[in-house]
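Peer 1: Here's a sequence, model it:
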Amino acid sequence: MSLSPLPPLQSCLPHRGGMLLIHRLLQADDETALVEVDVRPDSPFAQPEGMPAWVGLEYMAQAVAAWAGVRAQRAGRKPRLGFLLGTRRYEAHTPLFAHGTTLQVQVRCELMADNGLGQFECQISASGHLLCQAKVSVFEPEDAGEVLGGAR
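Peer 2: Numbering: from 1, shown residues only. Purely as a prediction, here's the structure:
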């Protein structure tokens, strides 16, 4: 697959408004993606002292969704709705992400099966320091409406 220029982030994800928690798509190829998040006090889930580290799981999931959206667009398809199934070994080396920090979220595909099940190795860092890591399991069905019982 040729690495054409990156599409706009919003065209890769179904998230809109306040629920689009990642801010910039920096890189995406066949196996990896790198996005940035600006930790802001007006973001959903923010607390006065910072963003709780458990929100990092959603940052990771949205980075995976951006990766999938880029791949779909490069293949001439529309991005599909996907689902975060869960995580194994979510390790947070900090309780909070400080407001004003820019986080780098890197995801690497370890497995993407034909049935839409996937597993990703994910890391969140800031200024070169590892803050969180996890293995994230996702599901990208051919028809999300069918999975949701006709709702979309």
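
Peer 1: Please enumerate the strands of the protein.
Peer 2: For the chain, the strands defined by DSSP state E occupy 24-28, 32-38, 51-52, 83-92, 96-97, 102-112, 117-126, 129-139.

Peer 1: Now find how far off-centre the fifth one is within its chain.
Peer 2: Mean-position distance between strand 96-97 and its chain equals 17 Å (C-alpha atoms, centre = their mean, to the nearest Å).

Peer 1: Partner strands of it and their direction?
Peer 2: The pairing partners recorded for strand 96-97 under DSSP bridges are strand 51-52 (antiparallel).

Peer 1: Show the contacting residues for residue 125.
Peer 2: Residue 125 sits next to 103-104, 106, 131 when contact means C-beta atoms under 8 Å, 6 or more residues apart in numbering. C-betas here are computed from N, CA, C, even on glycine.

Peer 1: Test of understanding: give the bridge partners of it.
Peer 2: With DSSP bridges applied, residue 125 shows beta-bridge pairing to residue 104, residue 130.

Peer 1: what comes up buried for stretch 74-90?
Peer 2: 74, 79-84, 87, 90 (16 or more other C-beta atoms under 10 Å).

Peer 1: Would you check which pair of the contacts of residue 125 lies furthest apart?
Peer 2: 106 and 131 (11.6 Å; C-beta to C-beta).

Peer 1: any common contacting residues for these two?
Peer 2: Residues touching both residue 106 and residue 131 comprise 124-125, with contact defined as C-beta under 8 Å, 6+ apart.
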